[in-house]
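[1] missing the sequence, but the structure's below:
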């Protein structure tokens, strides 16, 4: 970390690997998350999934429950996006990542992460033929004051709502 200071930003997985091997979990997990997010930005999806899952695997070693759940939430949201990118909305791993994230987002009040979770779960359900269930999810996103979201995410959610209603036959 001292000799190669840029490694932390350019190859966080390398430092995370060594910190994990040294048992320095608290320092390693944020680097696994950074590595996953960097890989996701590069669309290196298998790598992103591997890094994010490695971070999740290390979480039980953290003693502070609130901190552990907050980090888990962020890892799961990124993991859900990576699984959607790798295998499409209908990928069976999408709800495995995002269902637990929904419980955590409600518990911790991280409103800024609600929209990507709702979107991912709604589209997963819609593309697996469970239109009625997808509508339940899009109804959770009723207005921008209920779920904090960027303008871009708001447009995505409105489009998702339209798609789900259309597939349901509700024009």
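    Nice, I can see it. Everything quoted here is computed from the prediction, not taken from an experiment.
[2] and the residue positioned nearest the centre of the chain, what element?
    The structure's the chain has its C-alpha centroid closest to residue 77; by Cα atoms, centre = their mean the separation is 1.1 Å. For residue 77, the enclosing helix or strand under DSSP states H and E is helix 65-87.
[3] that helix - what's its average pLDDT?
    When pLDDT is averaged over helix 65-87, the result is 96.
[4] can you pull the buried residues of it?
    For helix 65-87, a neighbour-count test (16 or more other Cβ atoms under 10 Å) marks 68-69, 71-84 as buried. For the C-beta atoms, the positions are set from N, CA and C on the backbone; glycine is no exception.
[5] same thing with stretch 122-129?
    Buried positions in stretch 122-129, judged by neighbour count with 16+ other Cβ under 10 Å: 122, 123, 124, 125, 126, 127, 128.
[6] next: stretch 92-108.
    By neighbour count with 16+ other Cβ under 10 Å, stretch 92-108 contains the buried residues 93, 94, 95, 97, 98, 100, 101, 102, 104, 105.
[7] and which of the buried residues of stretch 122-129 is nearest to residue 1?
    Residue 1 has its nearest neighbour among the buried residues of stretch 122-129 in residue 124, at 38.7 Å by Cβ to Cβ.
[8] need the residues that contact the host helix or strand of that closest one.
    Per DSSP H and E, residue 124 falls inside helix 114-127. Contact partners of helix 114-127, identified using Cβ atoms under 8 Å, 6 or more residues apart in numbering, comprise 77, 80-81, 84, 88-91, 94-95, 98-99, 101-102, 105, 131, 133-134, 137-138, 140-141, 147-149, 153-154, 156-157, 160, 163-164, 167.
[9] gap between the two ends of stretch 124-135?
    One end of stretch 124-135 to the other measures 11 Å (Cα to Cα, to the nearest Å).
[10] average pLDDT across stretch 130-139?
    Mean pLDDT, stretch 130-139: 88.
[11] next: stretch 91-108.
    95.
[12] one step back: right, and the helix or strand after the helix holding residue 77?
    Sequence-wise, the next helix or strand downstream of helix 65-87 (DSSP H and E) is helix 93-108.
[13] relative orientation of that next one and helix 65-87 in degrees?
    150 degrees (axes from the mean of the first three to the mean of the last three Cα atoms, to 10 degrees).
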